[in-house]
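I'll drop the sequence and a predicted model, then ask my questions.
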Amino acid sequence: MRTRFPLRLEILLARATGGLSRLVGTGGGTTVPGKLLWKLDPRAVDELARRLSLGSTLVSATNGKTTTAAMTAGILSRKLRLAHNSSGANLVSGVASTLLAARDAELGLFEVDEAALPEVARRLQPRAVCLGNLFRDQLDRYGELELVAERWRGAVQELPDNSALVVNGDDPQVGDLGRERDPGPRTVFGVDDPRQANPTLQHAADSKWCIRCGTPYEYAAAYIGHLGDYRCPSCGHARPPLDVVAREIELEGIDRVSFDLITPDGSRRVRLGVPGLYNVYNALGAASLSRALGASLEEIQRGLEAFHAAFGRFERIGLDGKSLLVLLIKNPAGANEAIRTLLAGEAPSLVLAALNDGTADGKDVSWIWDVDFEPLLPALERLVATGDRAAELALRFKYAGFAEGAIEVVPPLEAALDRALELTPPGGELVALPTYTAMLALRDIVARRGFVRQYWEAA
Amino acid sequence: MEPLAVGHLFPDYLNIYADRGNIAVLSARAEWRGYRLEVQPLGAGAEISHGEHDLFYIGGGQDREQALIAPELASLGPALCEAFEAGAAFLAVCGGYQLLGRYYRDQSGEELPGIGLLPLHTVAGSRRMIGDVLLECELEPGARRTLAGFENHAGQTILDPGAEPLGRVVSGFGNDGKSGYEGCRRGRAIGTYLHGPLLPRNPWLADWLLAQAVAHRTGDLPVFEPLRDELEQEAHAVSARRAETRGGRN
């Protein structure tokens, strides 16, 4: 048992502001107290983290960190009291706020922004870290992908010797992390099911060249972007041996996916209540991380199967006899998978797409041109484009060959939602593809109308 | 429909800022004018025969990808310069823009060779210049137009004395964050840091490039009927406002 230090005034003060910011209606209060604490004394974050008797664990990735952390929480929360930043506030300030709010937690479980990972890891000295994937995303904020990879290499090198490291072996950059750690515990997860492979490497593949010698990788199977079973024909750099594997994957439309989860402790058939190959990757990350933290195979299976969509990720919201299906899109690889999974069900004839360009969305909107929206077009009859950059989004569809006359540009989000709902038949489902801040705003609108809980009440 | 041949240089490597959006816009607008754009990817070991291509496109890549293809591009350099002299048009964006210059000198002082088609060189800077940009251009005397885009580069590009920039920076950083100019124009070749991608929200430049390509093919500069471009104008206006309110400051 660690010694509990009395809380300092800064911490008490920052904690009080969380309730205050909700009270005055400035939002969920999810980062306000953390930001304040951060300003008062950055080291207070380290101190709060040390109060967790079982330490902290971190999850980072370009795509899937919120879901992977939520799945891990589902597995672990039956036995442990968690401090978990489930609302997606994943910078240092968000972690600080969660620590402030979680008074009697035993284990910290934090999804962490890719760029914030080195600092959070340095402060929290985590006992386990799960690293999922690296794709091009918000280049205006992160700079080049290679820079993020470099920072991750540094963060992994600085981890405490006894920290458990979980990496996605299917990503050439990520699967190489910690290879030199000796004998540090390292778990590699990946997919082994060539039936689910793409016929060719997608446009959104980024790490296509050997990280050692620059030769293009050869893929025995490419699953999502550059994730897959790769090998360099020149120097032999290849996917590392997998410890935790998914095989016999069955994609069941937009509602479910099941697979054989193979671990060193045995195998289980897992039926997820969320769809898509990318959720298999999320589940593998969560399973590997939970296992590293001592969860049994039974606990892992039960936790995964009880899991429901993290907010805004294939989330279905009932609205007056209609429903709204919200699929967050934020970068090419993630958006492609959302669309691929959506099309495993009935292709929508109407789509509400929302493009904002705030800091959290990426100020540079060029990424929408790298998304493969084209598979939506054969069934699409009408597009309602909304958000700050609605016209830009409309152009993306126009130059993909979609009739300009079938596009309605309605920049204000609420008006666009109403227009799209008006076009949705009674009993029908409206598919919404919003970027991050548009997703939050959309959820706020339907919450105000009483159809969904606010995210800070959901945990 | 009349064919127009586009050579797309290293599309597998240089595509970081949605360069395929620029190609999509060129293809569609060519078709609306009765031309069929034939886009040919040109990678390692490609052969460029004399007069074959009316327009060349080269996009942006990360440092690593640029370094991987620079030697291959250098070997195509003489053929590309010859094509330029013979009247082919060029659009080079971001990393591709740097590589059309003479060289790119990185942080460690090492030089990546360019092909020297544009009169400029680039030196790695310590801060990245990231943000929305608005330019004012005058490609033809008396025809002032604006270009709105997004820039993200650490390289500082320095034009040779007397070289013609693409435009004057209204808002944003531009070539080097100090000169007040952005891009480079030499005859029918345009180099710029602006992506976003560039052409969807600046269709006039797409049309200008297509007209140059037609001129290369037929010897006559066509006059295109204007298109409606309502969405394009709106996207341009929003992007221009972004540059004014939050573009890079020096």
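It's in.

Relative to the whole chain's centre, how far out is the longest strand seen in chain B?
As assigned by DSSP state E, the longest strand anywhere in chain B is strand B:120-140. Distance, stretch centre to chain centre, for strand B:120-140: 12 Å (C-alpha atoms, centre = their mean, to the nearest Å).

and that strand, anywhere near chain A?
Yes. Residues of strand B:120-140 contacting chain A under C-beta under 8 Å from any C-beta of the partner chain: B:128, B:130-132. Every residue, glycine included, has its C-beta placed from N, CA and C.

can you tell me the average pLDDT over the host helix or strand of A:Thr98?
In this structure, A:Thr98 is located in helix A:92-101 according to DSSP states H and E. What helix A:92-101 shows for mean pLDDT is 90.

Could you name the helices and strands sitting against it?
Helices and strands touching helix A:92-101, by 3 or more C-beta pairs under 8 Å, 6 or more residues apart in numbering or on different chains; DSSP states H and E, are helix A:9-23, helix A:32-40, helix A:43-50, strand A:82-84, strand A:107-111, helix A:117-124.

picking that back up, parallel or antiparallel, list what pairs with the longest strand of chain B.
If you go by DSSP bridges, strand B:120-140 pairs up with strand B:103-105 (parallel), strand B:143-159 (antiparallel), strand B:167-171 (antiparallel).

ok, then the element right after the strand or helix carrying B:Leu91?
Assigned by DSSP H and E, B:Leu91 belongs to strand B:89-93. Where DSSP H and E defines the elements, the next helix or strand beyond strand B:89-93 is helix B:95-100.

Leaving out the residues flanking it, which one is nearest to whichever residue of the stretch 51-200 of chain A sits closest to chain B?
The minimum distance from the stretch 51-200 of chain A to chain B, using C-beta to the nearest C-beta, falls at A:Glu144 (4.3 Å). Leaving aside its sequence neighbours, A:Glu144 sits nearest to B:Gln62 (C-beta to C-beta, 6 or more residues apart in numbering or on different chains; 4.3 Å).

Now the longest strand of chain B: buried residues?
B:120-124, B:128-135, B:137, B:139 (16 or more other C-beta atoms under 10 Å in any protein chain shown).

Of these, just say which sits nearest to chain A.
Closest to chain A, out of all of the buried residues of strand B:120-140 and judged by C-beta to the nearest C-beta, is B:Ile130, at 5.2 Å.

which residues pair with the closest one across the strands?
Counting by DSSP bridges, B:Ile130 is bridged to B:Asn152.

Quickly note the distance from it to B:Ala154.
According to C-beta to C-beta, to the nearest Å, B:Ile130 stands 9 Å off from B:Ala154.

do the same with B:Arg188
In this structure, B:Arg188 and B:Ala154 are 29 Å apart, going by C-beta to C-beta.

in the sheet, who's paired with the residue positioned nearest the centre of chain B?
Nearest to the geometric centre of chain B sits B:Ala92, at 2.9 Å (C-alpha atoms, centre = their mean). For B:Ala92, the beta-bridge partners are B:Ile58, B:Gly191 (DSSP bridges).

List the residues that contact the closest residue to chain B within chain A.
Ranked by C-beta to the nearest C-beta, the top residue of chain A for proximity to chain B is A:Trp369, at 3.3 Å. Shown in contact with A:Trp369 (C-beta atoms under 8 Å, 6 or more residues apart in numbering or on different chains): A:396, B:18, B:20-21, B:24, B:197, B:200.

same thing but at 10 Å, please
A:203, A:332, A:392, A:395-396, A:399-400, B:15, B:17-25, B:195-197, B:200 (C-beta atoms under 10 Å, 6 or more residues apart in numbering or on different chains).

buried subset of the residues you listed?
Buried residues within the contacts of A:Trp369, counting neighbours by 16+ other C-beta under 10 Å: A:203, A:332, A:392, A:395-396, A:399-400, B:15, B:17-25, B:195-197, B:200.

now the residue nearest to the centre of chain B: how far from chain A?
Per C-beta to the nearest C-beta, to the nearest Å, B:Ala92 is found 16 Å from chain A.

Is that residue in contact with B:Gln98, as I believe?
Yes. Using C-beta atoms under 10 Å, B:Ala92 is in contact with B:Gln98, at 8.4 Å.

hang on, the earlier thing: tell me which strands and helices the strand holding B:Leu91 is in contact with?
Packing contacts for strand B:89-93, counted by 3 or more C-beta pairs under 10 Å, 6 or more residues apart in numbering or on different chains; DSSP states H and E, involve strand B:2-9, helix B:19-32, strand B:55-58, helix B:63-85, helix B:95-100, strand B:189-192, helix B:203-218.
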